[in-house]
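A.B. asks: What follows is a predicted protein model with its sequence.
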Amino acid sequence: YKNEDNVIPGFACDTEKIPQIFSDWKIPAEQLRALQEEKDAFIAGRKVAAKYGWKMGDHIHISSPNYLSVPLDLVLRGIYTSPGDEGFLAFHWSYLNEALGRPERAGYFYVLVNSAENVPEVMKVIDEEFRNMPVETRTQTVKQVVLGFLGWLGNVKQILLMVIGAVV
């Protein structure tokens with residue numbers, strides 16, 4: 001957002017599924033409806049909206065190397081609150097897919113499982129379903145994804161310390 005230093009975690013998604021997948025996100029019904037009805041709409045967490053001074057109806061322009069740096073023009077139609085992280089933004093997958101020339105490929109799927117005991121079996125079934133496909137899956141729990149990301153950050157920190165040490 002605005003420059004490469006302003007990294008905002010965001011994702012393109014099926015906006016109809018947000019209430020089911022992110023059940024702890026509280027968003028007024030009329031704001032959720034506006035998100036779902038407008039192709040260029042997005043919602044943001046309360047904290048990220050406050051950080052950038054966004055108000056309902058504001059237009060923002062974002063791009064990401066994850067999306068081939070294709071610029072997207074979005075309109076803020078909702079602000080969610082949550083007991084968890086309020087630093088995300090979410091927008092229509094169909095809008096991103098169209099901007100990318102319709103490759104019809106998702107980067108992530110979020111799946112809700114009815115109980116923790118069923119998670120290993122569901123993960124196995126998903127990976128088996130996509131085995132030997134053009135794009136195979138690596139199914140992980142949210143905890144595994146977070147730990148992997150934190151491990152990556154740790155590696156970046158170690159590399160930076162090595163470079164600083166070499167310079168000194």
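C.D. replies: Okay, I see it. Residues are numbered from 1 along each chain as shown.
A.B. asks: for this structure, which spans come out with low pLDDT?
C.D. replies: 146, 149-162, 168 (pLDDT under 70).
A.B. asks: which residues of it fall in strands?
C.D. replies: Here the chain has its strands, by DSSP state E, at 10-13, 41-45, 59-62, 72-80, 89-92.
A.B. asks: Nearest to M133, out of the ones you listed?
C.D. replies: strand 10-13 (21.0 Å; CB to CB). The C-beta positions use only the backbone N, C-alpha and C, and glycine is treated the same way.
A.B. asks: What residues does S63 make contact with?
C.D. replies: Taking CB atoms under 8 Å, 6 or more residues apart in numbering, we find S63 in contact with 69-72.
A.B. asks: Pull the most distant pair out of these.
C.D. replies: Checking the contacts of S63 with CB to CB, the most distant pair is S69 and L72, at 10.4 Å.
A.B. asks: and those two? which has more neighbours close in?
C.D. replies: L72 (20 against 8; other CB atoms under 10 Å).
A.B. asks: Quick check: the nearest residue to the more buried one once chain neighbours are set aside vs V48, distance?
C.D. replies: In space, and not counting its chain neighbours, L72 is closest to I62: 5.3 Å by CB to CB, 6 or more residues apart in numbering. Distance, I62 to V48, using CB to CB, to the nearest Å: 12 Å.
A.B. asks: is the most centrally placed residue in the chain in a bridge, and if so with what?
C.D. replies: Nearest to the mean C-alpha position of the chain, by CA atoms, centre = their mean, lies F11 at 2.8 Å. Applying DSSP bridges to F11 gives these bridge partners: A90.
A.B. asks: and it, what does it touch?
C.D. replies: 88, 90-91, 108.
A.B. asks: which of the contacts of S63 lies closest to D40?
C.D. replies: Closest approach to D40 among those (CB to CB): L72, at 7.8 Å.
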